[in-house]
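Engineer: no sequence for this one, just the structure:
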């Protein structure tokens, strides 16, 4: 048995000192995630304190998110951030590759538009305009909510003034939007619902807040409402995180019916929905109409997060959040606590960029470019991968989620390493599931960084590997 | 008595449902901060459950930071973010004024260098250089730690390569540094020590993390070590937040002796120190040597945070953190969770700015400008305010903390409103103390935004008011 030795001070309740002591051991990794803690009796004997002290310490650990007490089985440590085995390996690969070597690969893992499409010249032009027009003004702290003219422009162009500039908070990208919302709304052990599978970066934030994360499977037209309702009837949910268009990684978009249903459920069961609208500008099928969940939000239940990084350019670090009335104070303070405000120069440049019509022009350009890649990749998949891979057409976005037709024959985590050694990078399903193995029959192919030639070459290599 | 009505579901322990229910009431403000919750007996009768359920629910509320159980007195609600009365009023004033009107005031509240000193042209020049040199590259996601050349430059110029670029994390200002560190290190109910008085923005982050904040008074050469040791002997401290140079708001700097002592204590009692180095570039007395706490850190106990916003320009949103080995993984993940990475364009521009020698030149220029203001304000204070105000010379920085010689006659919160109506803005001590009234005998005068003429005019108005 692991050694526990601590000297108790007189002034502090023993169970608190003990729980702090164990927390520390968990934090520094001396006690591993999911490791069984000593039995109550064993520990009380070792430390010469009575059973109640141990029980209370374990209860406190549980309340603080550091342990799970399982009846009849014992108490198990829970570590704050669990870097799971594959994720770790995967990240290491990218850390190694990103120091220059990445460019020699056929990279199907990209999630943001290719740098070859960045409107560098136009951005430089508007930045210089801002310098010349505003001078030092452009470099002052901004209002916490963000540069007012940009918020007004967003309100006008994207929401027809349905939301006022006071409802909008400028953030440094979608990730910060998720973080700020979680900070403002979530408490330890609060319950959060996510789609299964979903974006790992969001799960990670909720896990760090020590929230209790529940997964609901996704269907072809959105989350499984029957399963969702079953959970809502039993448990108090604080909020839910969804991607309404081109859900990452499945690529599905919500039907109008499901969007309306979600809003009604949020009102009925008193929870809020974090809508991450990260790529809805890229729609290749005119039957797919753009109406985010927020546009159905008659009860003010949706915290809408929009990133400009994914579609525009990652390095600019700008996005925005539409905040329901009830969270206005807390989100405002959460932003101050996080970084006071977002870079003012970039906000001013983006405002110019939108006002001058560059934004609309750029989105049209990207749609044309990516529609062509999308059609190309879809044709190859349909023609060459019959009986090998299955997929649902996303009709937009920058990727396809592929499923092995014979899942018993393949494993996408293994496939990742095999393909990597052949110069092709894919995103295995394990990245998007809390239980990695559930993702092993899927992998994602993104075409943001690959032109026609590379798509052809890369898919050929994959085909060869899967036809063996 | 307030009404508590809830229908218990079968599947979840009742005490958890009850504590969630009360949390919600606290979150939405239906139960106020410090409001007494019903007695155990009263609530158990009202809800028809037994006493143990109520006790467990209250214990859980306490563990989650939502209540204080005071023996013999009852249980009191604790609200996550307590915007205290004056702070609220104060912020409202600034929110109103900042929409343009601020410029007509004599503003002694400034904490960052004046926009009239911003090196706008030089910044524009280096940004264009980056565009021309790097093109789209400048707008890609950066390595999470930040642009490598900037980190190398920081390592070389500011630390003589004592820390490598791998020890440095680029952040979007000091506030984000504090937030990321708190997120990576702190858990609910962890104990944090701060100086009294201190920077409100840091307290706010720790409070949001539901940490237990302990204050130790500051003396003329740093924190009171005797009181600190007394606390350390009794309680397990997670970390401590200090400003080693021109502490905000007192203006004091730590003596070498105290810095060494702090490092030794951190090692002995196993805690870490967050050093916020926000203004150390402005030193007006050659006897005051610049050696941050981090430079004495033989045990790797100091998380060093440097902001470029305060001294350079706020809108650029860049700072950096030197991370002790033990927190490397957790701080790295904390940054990803927070906003993935800091704006790449700005990092590249700052690197150019430093390499080309603009940085050094700019700091020299600011030192000259602000030394002159500092001397000017000091002379007036010494000459005209004898017997009215007392202060200790900070010998650097951008402000003076002033104390009423006859504290029974004045109150700085009241003085704030009186002076505001006369066109002068000051920072009352209440902003820097957890218990506002403790600050009433102090106020802070910053000279970053006021030139000689305005200093003279503003101090005249203050003098008139205090001589009545």
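Structural biologist: Structure's in. What do you need? As the structure is a computational prediction, the values presented were derived from the model and not from experiment.

Engineer: doesn't residue A:391 make contact with residue A:404?
Structural biologist: No. Look at residue A:404 against residue A:391 with Cβ atoms under 8 Å: they stay out of range, at 10.8 Å. The C-beta positions use only the backbone N, C-alpha and C, and glycine is treated the same way.

Engineer: Please, which helix or strand holds residue A:128?
Structural biologist: helix A:120-134 (DSSP states H and E).

Engineer: and the helix or strand that that helix is followed by, what's its mean pLDDT?
Structural biologist: Using DSSP H and E, the next helix or strand after helix A:120-134 towards the C-terminus is helix A:148-159. Helix A:148-159 shows a mean pLDDT of 95.

Engineer: which helix is the longest one in chain A?
Structural biologist: helix A:358-384 (DSSP state H).

Engineer: distance between that one and the chain's centre?
Structural biologist: Chain-centre distance of helix A:358-384: 24 Å, with Cα atoms, centre = their mean, to the nearest Å.

Engineer: try stretch A:123-130
Structural biologist: Computed by Cα atoms, centre = their mean, the chain-centroid distance of stretch A:123-130 equals 31 Å.

Engineer: Any residue of it touching chain B?
Structural biologist: Yes. Stretch A:123-130 reaches chain B (Cβ under 8 Å from any Cβ of the partner chain) through A:123-124, A:127-128.

Engineer: okay, the residue nearest to residue A:350 when sequence neighbours are not counted: pLDDT?
Structural biologist: Spatial nearest neighbour of residue A:350, chain neighbours left out: residue A:318 (5.6 Å); criterion: Cβ to Cβ, 6 or more residues apart in numbering or on different chains. Residue A:318 is assigned a predicted lDDT (pLDDT) of 92.

Engineer: next one: the one 10 residues further on
Structural biologist: According to the per-residue confidence, residue A:328 scores 88 in pLDDT.

Engineer: and what of the one 4 residues further on?
Structural biologist: Confidence per residue is given as pLDDT, and for residue A:332 that number is 89.

Engineer: how far out from the middle of the chain is whichever strand or helix holds it?
Structural biologist: Assigned by DSSP H and E, residue A:332 falls within helix A:328-339. With Cα atoms, centre = their mean as the basis, helix A:328-339 stands 20 Å off its chain's centre.

Engineer: next structured bit after that helix?
Structural biologist: helix A:344-355.

Engineer: low pLDDT regions in the stretch 151-300 of chain A?
Structural biologist: For the stretch 151-300 of chain A, no stretch has pLDDT under 70.

Engineer: tell me which parts of it are close to chain B?
Structural biologist: A:172-173, A:175-176, A:179, A:183, A:187-189, A:201, A:204-205, A:208, A:210, A:233-236.

Engineer: ok, now with 7 Å
Structural biologist: For the stretch 151-300 of chain A, the contact set with chain B under Cβ under 7 Å from any Cβ of the partner chain comprises A:172-173, A:175-176, A:179, A:183, A:187-189, A:204-205, A:208, A:234-236.

Engineer: and those, which are buried?
Structural biologist: A:172-173, A:175-176, A:179, A:183, A:187-189, A:204-205, A:208, A:235-236 (16 or more other Cβ atoms under 10 Å in any protein chain shown).

Engineer: coming back round to it: for the longest helix of chain A, buried residues please.
Structural biologist: A:358-359, A:362, A:366-367, A:369-370, A:373-374, A:376-378, A:380-381.

Engineer: now stretch A:106-118
Structural biologist: Applying 16+ other Cβ under 10 Å to stretch A:106-118 flags A:106-115, A:117-118 as buried.

Engineer: Mind checking which of those residues are in strands?
Structural biologist: A:106-107 (DSSP state E).

Engineer: and the buried residues of stretch A:106-118 near chain B, which?
Structural biologist: Near chain B, by the rule Cβ under 7 Å from any Cβ, you find A:115, A:118 out of the buried residues of stretch A:106-118.
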